[in-house]
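**Q** Here is my input; please provide its structure:
(one chain, ligands or ions: 2)
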Amino acid sequence: MPTLCFPLYSLLFDSCFSFSVRSLHLLFISYQIVSLIRDTREREREREMAAPIEEKDQATEDPRKEGIASSIRVVPHVPKGGIMFQDITPLLLDPKVFKDTVDLFIERYTGKDISAVAGTRCRALRIVVEGIEARGFIFGPPIALAIGAKFIPLRKPRKLPGEVISEEYVLEYGRDCLEMHVGAVQQGEHVLVVDDLIATGGTLCAAINLLERAGAKVVECACVIELRELKGRERLKDTPLYVLVESN
Ligand SMILES: O=P(O)(O)OC[C@H]1O[C@H](OP(=O)(O)OP(=O)(O)O)[C@H](O)[C@@H]1O
Ligand SMILES: Nc1ncnc2[nH]cnc12
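**A** Ligands and ions are numbered 1, 2, ... in the order given. So this is what the prediction gives:
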């Protein structure tokens with residue numbers, strides 16, 4: 001009996017073994033296919049995120065920008081002779097215009113798939129919003145909250161209590177310095193720098209230098225107003241600049 005059973009056992013064992021090997025093989029192939037699909041999707045997503053933020057249809061200017069432009073007050077010779085001071089305080093007094101201003105930025109940066117900020121797997125693609133003291137603090141935080149990004153204040157000297165890195169710069173009406181807490185931004189993080197206005201571009205250049213020294217990448221600078229005549233945009237070189245209204 002045992003001699004008769006042996007070929008049967010062996011057959012059974014062989015077929016079970018080859019079935020298990022085949023199953024394992026199939027499982028392995030399925031795993032490979034799933035990983036390939038996942039990696040391809042991830043690469044596509046990374047490519048999408050690394051691409052410059054695309055301009056929406058420029059031909060149809062957003063009507064909200066008119067309201068924003070008309071609520072900026074120009075005060076001549078402030079803070080000194082020859083300066084045409086762009087005062088944003090009337091804009092802040094009008095909740096609709098203030099909301100339109102913030103919404104225009106949110107709409108632009110929400111399109112950048114900022115779910116990555118919430119701690120998903122695309123760690124290196126986090127977008128961080130930085131605001132420049134003082135007027136950059138008005139627009140930066142609501143944008144950061146809406147897109148789920150952290151907010152890093154860039155402050156004037158001796159305001160931050162921790163260890164800082166500093167960058168000096170020249171303004172349309174004097175000299176100044178920006179400081180950022182060491183460790184506020186992580187190596188490789190993608191940063192959006194927000195301010196109310198670009199004039200000579202000195203402030204934004206200082207912000208970009210600070211962030212690059214900390215290992216971050218500034219993906220774009222966003223301002224409400226650009227003073228075209230002062231050519232600040234040219235000083236930003238490769239860093240894109242997005243503005244809502246232009247003034248001379
Ligand atoms: O392009 P730039 O020539 O560098 O000028 C632009 C900067 O000037 C203003 O800030 P300011 O330093 O007057 O400080 P404030 O925001 O505290 O008023 C403005 O809010 C920008 O930050
Ligand atoms: N003309 C201007 N108006 C308001 N803020 C400014 N910052 C630098 N130049 C400015």
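
**Q** Tell me the secondary structure at residue 142.
**A** Three-state call for residue 142 (DSSP: H, G, I helix; E, B strand; the rest coil): helix.

**Q** ok, now which ones touch it?
**A** 102, 106 (CB atoms under 8 Å, 6 or more residues apart in numbering). Quick note: C-beta positions are derived from backbone N, CA and C, even for glycine.

**Q** roughly how far apart are it and residue 176?
**A** 25 Å (CB to CB, to the nearest Å).

**Q** And for residue 165?
**A** Distance, residue 165 to residue 176, using CB to CB: 15 Å.

**Q** Please apply the same query to residue 218.
**A** Plainly put, residue 218 is 19 Å away from residue 176 if you go by CB to CB.

**Q** Among these two, which residue is more densely surrounded?
**A** Using other CB atoms under 10 Å as the criterion, residue 218 and residue 176 rank with residue 218 on top: 23 against 16.

**Q** can I assume the more buried one sits in a strand?
**A** Yes. Applying three-state DSSP, one finds residue 218 inside a strand.

**Q** Tell me the secondary structure at residue 36.
**A** helix.

**Q** Kindly state the pLDDT recorded for it?
**A** Residue 36 is assigned 85 on the pLDDT scale.

**Q** same thing with residue 129?
**A** At residue 129, pLDDT is 80.

**Q** burial of it, as a residue count?
**A** Other residues close to residue 129 by other CB under 10 Å number 27.

**Q** Wait, it touches residue 150, no?
**A** Yes. Counting by CB atoms under 8 Å, residue 150 is a contact partner of residue 129 at 7.4 Å.

**Q** Mind listing the shared neighbours of those two?
**A** Joint contacts of residue 129 and residue 150 (CB under 8 Å, 6+ apart) are residue 144.

**Q** Can you show me the strands along this structure?
**A** Using DSSP state E, the strands found in the chain span residues 73-76, 84-87, 127-132, 151-154, 164-171, 174-181, 190-198, 217-227, 241-247.

**Q** Which of those strands has the lowest mean pLDDT?
**A** Among the strands of the chain, strand 127-132 carries the lowest mean pLDDT (a mean of 78).

**Q** What count of nearby residues applies to residue 137?
**A** Neighbours of residue 137 under the rule other CB under 10 Å: 17.

**Q** how near is it to ligand 2?
**A** Remark: distance between residue 137 and ligand 2 (CB to the nearest ligand atom, to the nearest Å) = 14 Å.

**Q** And for residue 136?
**A** Distance from residue 136 to ligand 2, by CB to the nearest ligand atom: 11 Å.

**Q** Apart from its chain neighbours, what residue comes closest to that residue?
**A** The shortest distance from residue 136 to any non-neighbouring residue, by CB to CB, 6 or more residues apart in numbering, is to residue 195 (4.0 Å).

**Q** So for stretch 83-102, what gets flagged as buried?
**A** Using 16 or more other CB atoms under 10 Å as the test for burial, stretch 83-102 gives 86, 88, 91, 97-98, 100-102.
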